[in-house]
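Peer 1: coords below, sequence missing:
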Ligand code: HEC
Ligand code: HEC
């Protein structure tokens, strides 16, 4: 089921038309929803991101220390805690934007969450939590694995978006390919520093042919997200983070990071062999993670919505 299959340019048209039409299109033409009930997105992608040492998060699982699902009206949006909004934004982009759109105003298959009465009534995740954890598999909303703290952060982020939308007349509902390609190109070669690792004629040459716009967006926003069964055209898996584990004796082993939390670390070496250490039992153990995608995680803090849309518009010209 390739989204672009048989209707190459149509995809963009559909993405910039209203979400209702896009949903109907998805339902009728491709049975998108029925496939999505199989999804097991989430935990893996989200947690791997959370393991990168640069991501300013607390305990494994990604939530803030002591975070929990807090009922009642206070949870975050009374104070509009910027750190929670930022964390929520990352979780949202990693796990939800693919279906609900980067601005949460609806996307491919998923409804507008900013106008959702359920989200409006949510406090700290008490309404959206059950939807996320149980999904609505028959309706195309997959079941996702998330901690209460992650859910609470997403809730804070969604409420912030709602406020932005009601406070600022200027806030525009932006769908996928609505940016300014020239501005995107300038960002690519300037503030975004994309040119230091990528070339529009080299590795990114033809990237717009490789992915449909939604997938392309998720690949540059958060390249670790993206794979779940039923996802149209997901592309190859991303490069794993590399880790070097040095034992107190000085013996060092390197390989692809398989798992990292406060208690253990494991890797797969170049021969495919799996190695694991208990961090809590080996005090002098040194763990050094190099994530080739760390820059992308950092960029997430830097982009404005406009940058993201302009960047996508530019990348869409790389056919
Ligand atoms: C694979 C696509 C997909 C993903 C990924 C996804 N959703 Fe959904 N979501 C849907 C669909 C489709 C519906 C509509 C279900 C229905 O019609 O009842 C939905 C419904 C919802 C609703 C209910 C809205 C309402 O007003 O009833 C909430 C809340 C929600 N999603 C939040 C999220 C959050 C938060 C995430 C990320 C953690 C997420 N979804 C990830 C597809 C998705
Ligand atoms: C420090 C290096 C670095 C910088 C800076 C950087 N990227 Fe990347 N980017 C990567 C790496 C590494 C990958 C993963 C490639 C892989 O998985 O094979 C990647 C993946 C991508 C992909 C997915 C490519 C594909 O074929 O799946 C896109 C698109 C992309 N980056 C766009 C950007 C944009 C736009 C910027 C600037 C805003 C940027 N990158 C900045 C290193 C970087």
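Peer 2: Okay, I see it. Note that the structure is predicted; figures quoted are calculated from it, not measured. Ligands and ions are numbered 1, 2, ... in the order given.

Peer 1: only C-alpha atoms for contact and neighbour calcs from this point on.
Peer 2: Will do.

Peer 1: any idea which strand is longest in the chain?
Peer 2: strand 252-260 (DSSP state E).

Peer 1: give me the number of residues near the residue of the stretch 51-200 of the chain found nearest ligand 2?
Peer 2: Per C-alpha to the nearest ligand atom, the residue of the stretch 51-200 of the chain with the smallest distance to ligand 2 is residue 194, at 3.4 Å. For residue 194, the neighbour count with other C-alpha atoms under 10 Å is 17.

Peer 1: mind checking how far it is from ligand 1?
Peer 2: As judged by C-alpha to the nearest ligand atom, to the nearest Å, residue 194 and ligand 1 stand 27 Å apart.

Peer 1: picking up where we left off before, buried set for the helix or strand following the longest strand of the chain?
Peer 2: Counting by DSSP states H and E, the next helix or strand C-terminal to strand 252-260 is strand 264-268. Of all the residues in strand 264-268, those buried under the rule 16 or more other C-alpha atoms under 10 Å are 265-268.

Peer 1: sec struct for the closest residue in space to the residue of the stretch 51-200 of the chain closest to ligand 2 that isn't next to it in sequence, please.
Peer 2: Spatial nearest neighbour of residue 194, excluding adjacent residues (C-alpha to C-alpha, 6 or more residues apart in numbering): residue 188 at 5.0 Å. Under DSSP: H, G, I helix; E, B strand; the rest coil, the three-state class of residue 188 is helix.

Peer 1: Check residue 317 too.
Peer 2: Classification of residue 317 by three-state DSSP places it in coil.

Peer 1: ok, for residue 87, nearest residue in space, not its chain neighbours?
Peer 2: Nearest to residue 87 is residue 153, by C-alpha to C-alpha, 6+ apart, at 6.2 Å.

Peer 1: for ligand 2, what are the nearby residues on this protein?
Peer 2: Counting by C-alpha under 6 Å from any ligand atom, the positions of the chain adjacent to ligand 2 are 188, 192-194, 196-197, 219-220, 223, 238-239, 292-293, 295-296.

Peer 1: hmm, which of these are the buried ones?
Peer 2: By 16+ other C-alpha under 10 Å, the residues of the chain next to ligand 2 give 188, 192, 194, 219-220, 223, 293, 296 as buried.

Peer 1: Run through the neighbouring helices and strands of the biggest helix by length in the chain.
Peer 2: Looking across the chain with DSSP state H, the single longest helix is helix 148-167. Counting contacts by 3 or more C-alpha pairs under 8 Å, 6 or more residues apart in numbering; DSSP states H and E, helix 148-167 packs against helix 82-95, helix 117-121, helix 128-134.

Peer 1: For residue 122, see how far away residue 109 is.
Peer 2: Distance, residue 109 to residue 122, by C-alpha to C-alpha, to the nearest Å: 22 Å.

Peer 1: Check residue 149 too.
Peer 2: 14 Å.

Peer 1: hmm, back to that, which of the residues of the chain next to ligand 2 fall in helices?
Peer 2: Using DSSP H, the residues of the chain next to ligand 2 in helices are 188, 219-220, 295-296.

Peer 1: Okay, now the unreliable bits of the protein?
Peer 2: Applying pLDDT under 70 to the chain picks out residues 1-79, 108, 165-177, 222-237, 301.

Peer 1: how is it carved up into domains?
Peer 2: Structural domains annotated on the chain: 10-167, 242-290, as defined by automatic domain parsing.

Peer 1: Spell out which parts of the protein neighbour ligand 1.
Peer 2: Counting by C-alpha under 6 Å from any ligand atom, the chain sits next to ligand 1 at 36, 92, 95-96, 98-99, 109-111, 113, 116-119, 128, 131-132, 136, 139-142.

Peer 1: Taking these, please make a PyMOL selection of just the buried ones.
Peer 2: In PyMOL syntax, the buried subset of the residues of the chain next to ligand 1 is picked out as below (16+ other C-alpha under 10 Å):
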select buried, resi 36+92+95+96+98+99+109+110+111+113+119+128+131+132+140+141+142
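
Peer 1: re the thing from before, the longest strand of the chain versus strand 264-268: what angle between them?
Peer 2: Relative orientation of strand 252-260 and strand 264-268, computed by axes from the mean of the first three to the mean of the last three C-alpha atoms, to 10 degrees: 110 degrees.

Peer 1: is it true that residue 313 touches residue 188?
Peer 2: No - using C-alpha atoms under 8 Å, residue 313 makes no contact with residue 188, being 11.4 Å away.
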